[in-house]
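> model this:
(one chain, ligands or ions: 2)
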Amino acid sequence: MKLHEFQAKDIFRKFGIAVPDGELVTDINQAAGVTRKINGPPWVIKAQVHAGGRGKGGGVIITNTPDQAVSSAKALIGKPLVTKQTGADGVMVHQVLVEEGLEIDREFYLSMVIDRSTAMPTMIFSQAGGMEIEEVAEKTPELVLKEHIDPIAGWMPYQARNLIYKLDPPLSSESVKSMMSAMASVYKVFTTFDCSLVEINPLVTTKQGKVVALDAKMSIDDNALYRQKNLVELDDPREKDPLELMAEKHNLNYIRLDGNVGAMVNGAGLAMATMDVIKLAGAEPANFLDVGGGASEEMIKNGFEIILKDSRVKAILINIFGGILRCDVLARGVLAAAEKTSIPVPLIVRLEGTNVDQGREILKNSDLEFLVAKDLSEAAEMVANQVSGAS
Ligand code: GDP
Ligand code: MN
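Numbering: from 1, shown residues only. Ligands and ions are numbered 1, 2, ... in the order given. I've put the predicted structure just below:
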């Protein structure tokens, strides 16, 4: 689960990380009033969407008068914002953050993630802030510094010094103190809220030597939400893909991808393998969908409906290995979904396992048009043939 910038900044404030003074605006008419309460000019108007790259995409506007603040809010709210991370259609902006504009001296990058190769929380720090960190890591890897953290010992002040004393030019002694405190707080936030990511880009020093988080990104590990009840309220469903949202409601593991082969599979491992085989056959999966090992007829129906709602899907592959999930249950679920809507694309079915004969029989005796594959590689070939030419 992702938080908005303004939500993450509220948390930062409580944990002693300095952020610019600011207020959320959902109604364009509030913008002028807010500028009167906040230090400025300048004021910075920032689109609140779950996507980065807003600066380059026109989602961050620096303004010098209350009137400009209003017109900037008007230019953002209610319109889609396209950034490098949103795709061509962009994402709808529902609200903006109005903040005091600061005089930036230097821009840094600071984040905390779990490094999967060492299985340790890791702080990443760079003096090349404000830019995309992936690009910095590629072009100037020596500027990306890391500290792995022993989760028992926690964040240690010497680790902050390891990072900060590599800076060239060095920081002023006042900024060193604030930077050390910001780093310790980022670790605190990360562990307190079961984050998978805390990212500040840029973390700036101002002309006055203060260390301030100009941007804030927080992602919470979904598996920990049961013990982060206060954060669940901050969830903004408007930011999610509607199909992913629907899948979430039905307890299905569904992730939208960029291809055009819809896939319905039981078991995460089999779903991964199916996507690999689809790719090997020269096609691209439109989704990852694991209906689960013990899916009910209802879940199959919901899963199939979600795939059918995806207009990019040009062929569907159902790959089920009936273990706990029986093939007859699968067949009935597919039919129940098909009854509600026509299936405008070719359907390829590969069934194996428990009650496979009954499952095949149910499908065969229905009005459903489908192709049967004898094994997984044939299924992938068939589905790739169906979409070749359609892109
Ligand atoms: P992102 O592009 O979505 O990551 O949005 P950011 O919050 O990082 O803002 C993009 C850029 O806007 C920053 O890197 C800054 O250069 C600039 N910016 C944001 N706030 C201020 C501010 O208060 N003063 C100044 N001068 N620039 C700002
Ligand atoms: Mn940023």
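
> mind checking how far Ala182 is from ligand 1?
16 Å (Cβ to the nearest ligand atom, to the nearest Å). All C-beta atoms are positioned from the backbone trio N, CA, C, and that covers glycine.

> so that residue is in which element?
helix 173-192 (DSSP states H and E).

> which residues are contacting that helix?
With contacts defined as Cβ atoms under 8 Å, 6 or more residues apart in numbering, helix 173-192 is touched by 11-12, 15-18, 108, 110-112, 121, 123, 125, 149, 151, 154-155, 157, 159-161, 163-164, 170-171, 195, 198, 200, 203, 205, 209-211, 213, 218.

> For those residues, which PyMOL command selects only the ones that are buried?
Buried subset of the contacts of helix 173-192, written as a PyMOL selection, criterion 16 or more other Cβ atoms under 10 Å:
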select buried, resi 11+12+15+17+18+108+110+111+112+121+123+125+149+155+159+160+163+164+171+195+198+200+203+205+211+213+218
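
> so which of the contacts of helix 173-192 are also by ligand 2?
Checked against ligand 2 using Cβ under 5 Å from the ion, the contacts of helix 173-192 give no members in range.

> Quick check: helices, which of the contacts of helix 173-192 are part of them?
11-12, 157, 159-161, 163-164 (DSSP state H).

> Ignoring the adjacent residues along the chain, who's closest to Pro157?
Met180 (6.4 Å; Cβ to Cβ, 6 or more residues apart in numbering).

> Look up how far ligand 2 lies from Pro157.
27 Å (Cβ to the ion, to the nearest Å).

> Sticking with the closest residue to Phe304 other than its chain neighbours, tell me its helix or strand.
Of all residues not flanking Phe304 in the chain, Ala337 sits nearest, at 3.8 Å (Cβ to Cβ, 6+ apart). If you go by DSSP H and E, Ala337 is part of helix 327-340.

> Would you mark the buried spots in that helix?
327-338.

> Check the secondary structure at whatever residue of the stretch 201-350 of the chain ends up closest to ligand 2 for me.
At 3.5 Å from ligand 2, Asp215 is the closest residue in the stretch 201-350 of the chain, using Cβ to the ion. When classified by DSSP: H, G, I helix; E, B strand; the rest coil, Asp215 comes out as coil.

> What sits closest to the residue of the stretch 1-150 of the chain found nearest ligand 2 if chain neighbours are left out?
Ranking the residues of the stretch 1-150 of the chain by distance to ligand 2 (Cβ to the ion) places Gly52 first, at 5.9 Å. Among residues not flanking Gly52 along the chain, Gln85 sits closest, at 5.2 Å (Cβ to Cβ, 6+ apart).

> State whether the residue of the stretch 1-150 of the chain closest to ligand 2 is indeed within a helix.
No - under three-state DSSP, Gly52 sits outside any helix and is assigned coil.

> That one touches Thr86, doesn't it?
No - counting by Cβ atoms under 8 Å, Gly52 does not reach Thr86; the two are 9.3 Å apart.

> Can you report how many residues neighbour Glu305?
Neighbour count of Glu305, defined by other Cβ atoms under 10 Å: 18.

> Report pLDDT for it.
Here, the pLDDT recorded for Glu305 equals 92.

> which strands and helices sit next to the helix holding Ala337?
helix 297-309, strand 315-322, strand 347-353, helix 356-364 (3 or more Cβ pairs under 8 Å, 6 or more residues apart in numbering; DSSP states H and E).

> So what touches it?
Applying Cβ under 8 Å, 6+ apart, the set of residues contacting helix 327-340 is 266, 295-305, 308, 318, 320, 322, 351-356, 358-360, 362-363, 366, 368.

> ditto for stretch 223-231
Residues from elsewhere that reach stretch 223-231 (Cβ under 8 Å, 6+ apart): 1, 3, 193-194, 220, 232.

> for ligand 2, what are the nearby residues on the stretch 101-250 of the chain?
So far as Cβ under 5 Å from the ion goes, the stretch 101-250 of the chain lies against ligand 2 at 201, 215.

> now Thr274: how far from ligand 1?
35 Å.

> Please work out the residue of the stretch 151-300 of the chain nearest to ligand 1 and name it.
In the stretch 151-300 of the chain, the residue that lies nearest ligand 1 is Asp215 (3.3 Å; Cβ to the nearest ligand atom).

> That residue contacts Ile200, correct?
Yes - counting by Cβ under 8 Å, Asp215 does reach Ile200; the two are 6.2 Å apart.
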